[in-house]
Every structure is written in structure tokens, then in C-alpha cells.
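Chemist: Return atomic coordinates for the entry below.
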Amino acid sequence: MPTMRCRSADAATCHNHDQDRGRPCIGLHDQPLGDTRVPNAFISKISHRVALSPEDIAILKAACGPGRRYPAKHDLIREGDDPGPVFVFLEGWGCRYKIMPEGGRQVLAIMMPGDFCDMHTSVLNEMDHTIATVTPALVATIPRPRMQELLDLRPGITRAFWLMQLVDLGVARSWIASIGRRGSTERVAHLMCELYLRARALRPVEDGQCALPLSQILLADALGLTPVHVNRVLRRFKAAGIMALRQGDLVISDIAQLMRIAGFDDAYLQRRLASEESQMPTPAL
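Modeler: Model (predicted):
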């Protein structure tokens, strides 16, 4: 296929990557169980969805390993590459994006600590989008054979993975609806509500403030708007005392009003399902 011009996760030249591939599969019963008392962000997020056994937690922790640190704006895998391992964000933020024929970028998803991506791309011939870091990040890679082994042998982990993938699909559908049918003000408000609730699930939010290390350029590419238009909407929200972006943080002063502007319904994030599932015993599959 023709060589594509590569862009980074934040409209800057990306770093070349030397992704490790082809590591031999290590059987689940050959992995050291390690310390289950300090789960990483990925395990914490999964445990919020499904009650995992101590053995499940130990196996997931061993599968992730220590991870590898990457700089900001680094492409982990690019559109056109052969499908690689499953990427797990243990620390830091990332995104999926596509470069359009005219050179513009469309951000397709935003990843936070605990998110993982591309569980099923092994059936594809090549990647149809790029996955990149937005901030400096600690990223684990789970080889495909090991991921398949987890799915085959651990019903609790399989249930959690499926739930997380379904939530990701719900988010994608919501973004499509926003770009297709919401005006610019509602579109910005809706994304801010979503990111706020997702960030709040990572750690407690104080005074309506949470981390949001995303530039207005990246937000514009996610919203299908220009950076100037996004800035204009954000300034209106700030002047109205509803919300503001401050040095990598999102500060929401009136979440109810922001939700009313967006017409926001959080059902697609399946937050109620998470609390119910975490109380359910895992059935044999």
C-alpha cells in the first residue's frame, strides 16, 4: 500500500517506534502469581466491572508485566501495520486516530489509565487506525496468544473484557451521534461531561476538578471542529461560570447545567451495570 504521512497524537511529528513483537506465549500456569495486593489501573478498572478472584488478579498482573514507558505523542502502532499485541494503558493517556487523505486528523477515541484496546484486531489483515500516547505513558503489551489463553481459560476475565469492549462501542456510537446531529456547543459540552465522568471513575474528584491533559487541538480533532471554534465555545462556558480548562485540568462548576446543554445521558457508559456486575458471582462459561 502507499506510504502514509504519519502524524502524532497531538499534531506533531511522531517518534519512530520499535514495538516488540513475536514474544513466545507463556502459559497461564507458568507465570509467577506475584503480589495481588497492589493492582494496576487496568486491574482496578476490570475489578470495577466484575468481581475477580485473587488468581484472576494475579494472572492479569503477570500478563501485563511491568509495562514500558513511552514519551508523549508516540505512535504505538500505525494504520497499515500488521495487528500487534493488545495495548494496556497502565499510566498516562492515549488516543486512536486516522489521517484523512487531505492530511487532517480525526481522533476516534481517547484512552485513560486502565483502558485497553484492540482485543480482536488479530483477525484483520492490517490496522485501520493508529494508536498513540497523548501524555507520557506506561503501556503494557499482552501478546495475542496470551490474550486468547486468558479468554479461553478465565470466565471472569472474559466477562470483564466483553463488558469493557461493549462500553467502548457505546462511547463510539455516542461520538458518531454527536458529530452527526449535535451542534458545536452541545458537542463540546457532551464530550466534557463524558470525560469528566470517566476521569471521576479513576479517582475521587474534588471541587469538580479532574485531570484532562488534552490540548484544544486534540479536542478539536475529536469533535470534528476547528481549534478556533472549540476555543470560542470553551470561552463562553468559562464566562458563564459553567466550566473551564486550567493547566491540564477540567474544572466543572455547574455539572447539571453542562449536562442540560449537552442533553447528556450517561446510560452508554454503563455505570449502573458496573456496580451490579461487581456484586454478581461469575458463572461458568
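
Chemist: For the rest of this, base every contact and every neighbour count on C-alpha atoms.
Modeler: Noted.

Chemist: Hmm, Asp254 and Ala244 touching each other?
Modeler: No: using Cα atoms under 8 Å, Ala244 is not in contact with Asp254, being 10.5 Å away.

Chemist: which of those two has more neighbours?
Modeler: Per other Cα atoms under 10 Å, whichever of Ala244 and Asp254 has more neighbours is Ala244, with 19 against 13.

Chemist: quick one, what contacts that one?
Modeler: Leu234, Arg235, Phe237, Lys238, Leu250, Val251, Ile252 (Cα atoms under 8 Å, 6 or more residues apart in numbering).

Chemist: what about the strands in the stretch 1-150 of the chain?
Modeler: With DSSP state E, counting those that start in this stretch as the criterion, the stretch 1-150 of the chain has strands at 68-70, 75-77, 86-91, 94-99, 105-111, 116-117, 130-133, 137-142.

Chemist: Lowest average confidence across those strands, which one?
Modeler: Lowest mean pLDDT within these: strand 116-117, a mean of 90.

Chemist: So which elements touch it?
Modeler: Secondary-structure packing of strand 116-117 (3 or more Cα pairs under 8 Å, 6 or more residues apart in numbering; DSSP states H and E): strand 86-91.

Chemist: follow-up on the earlier one: so which of the contacts of Ala244 comes closest to Ala262?
Modeler: Phe237 (12.1 Å; Cα to Cα).

Chemist: which residues touch the nearest residue to that closest one once chain neighbours are set aside?
Modeler: Excluding the flanking residues, the one nearest Phe237 by Cα to Cα, 6 or more residues apart in numbering is Met243, at 5.7 Å. Going by Cα under 8 Å, 6+ apart, Met243 touches Leu234, Phe237, Leu250, Val251, Ile252, Ser253, Asp254, Leu258.

Chemist: can we see that at 7 Å?
Modeler: Phe237, Val251, Ile252, Ser253, Asp254 (Cα atoms under 7 Å, 6 or more residues apart in numbering).

Chemist: now these as TSV including secondary structure, pLDDT and distance to Val123?
Modeler: As requested, the contacts of Met243 are arranged in TSV below (DSSP: H, G, I helix; E, B strand; the rest coil; pLDDT from 0 to 100; distance: Cα to Cα, whole Å):
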residue	secondary structure	pLDDT	distance to Val123
Phe237	helix	98	44
Val251	strand	97	41
Ile252	strand	97	42
Ser253	coil	96	45
Asp254	coil	96	45
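
Chemist: what two of the residues you listed have the greatest distance between them?
Modeler: Phe237 and Val251 (11.0 Å).

Chemist: counting residues per helix, which one in this protein is longest?
Modeler: helix 155-181 (DSSP state H).

Chemist: Show me how far that helix is from its chain's centre.
Modeler: 11 Å (Cα atoms, centre = their mean, to the nearest Å).

Chemist: heads up, I number from 15, so please use that
Modeler: Yes, from this point I'll number from 15; that puts the last item at helix 169-195.

Chemist: Report all helices and strands that that helix contacts.
Modeler: When contacts are defined as 3 or more Cα pairs under 7 Å, 6 or more residues apart in numbering; DSSP states H and E, helix 169-195 packs onto no helix or strand at all.

Chemist: Show the subsequent helix or strand relative to that helix.
Modeler: Downstream of helix 169-195, the first helix or strand assigned by DSSP states H and E is helix 198-216.

Chemist: Show me the contact partners of that next one.
Modeler: By Cα under 7 Å, 6+ apart, helix 198-216 touches Ser192, Cys224, Leu237, Val247, Leu272, Met273, Ile275, Ala276, Phe278.

Chemist: pLDDT check: weakest of those residues?
Modeler: Among those, pLDDT bottoms out at Cys224, giving 94.

Chemist: Contact partners for that one?
Modeler: Counting by Cα under 7 Å, 6+ apart, Cys224 has contacts Tyr210, Ala213, Arg214, Asp263, Leu264, Val265.

Chemist: Of the contacts of Met257, keep whichever come out buried.
Modeler: The neighbour count (16 or more other Cα atoms under 10 Å) marks Phe251, Val265, Ile266, Ser267 as buried among the contacts of Met257.
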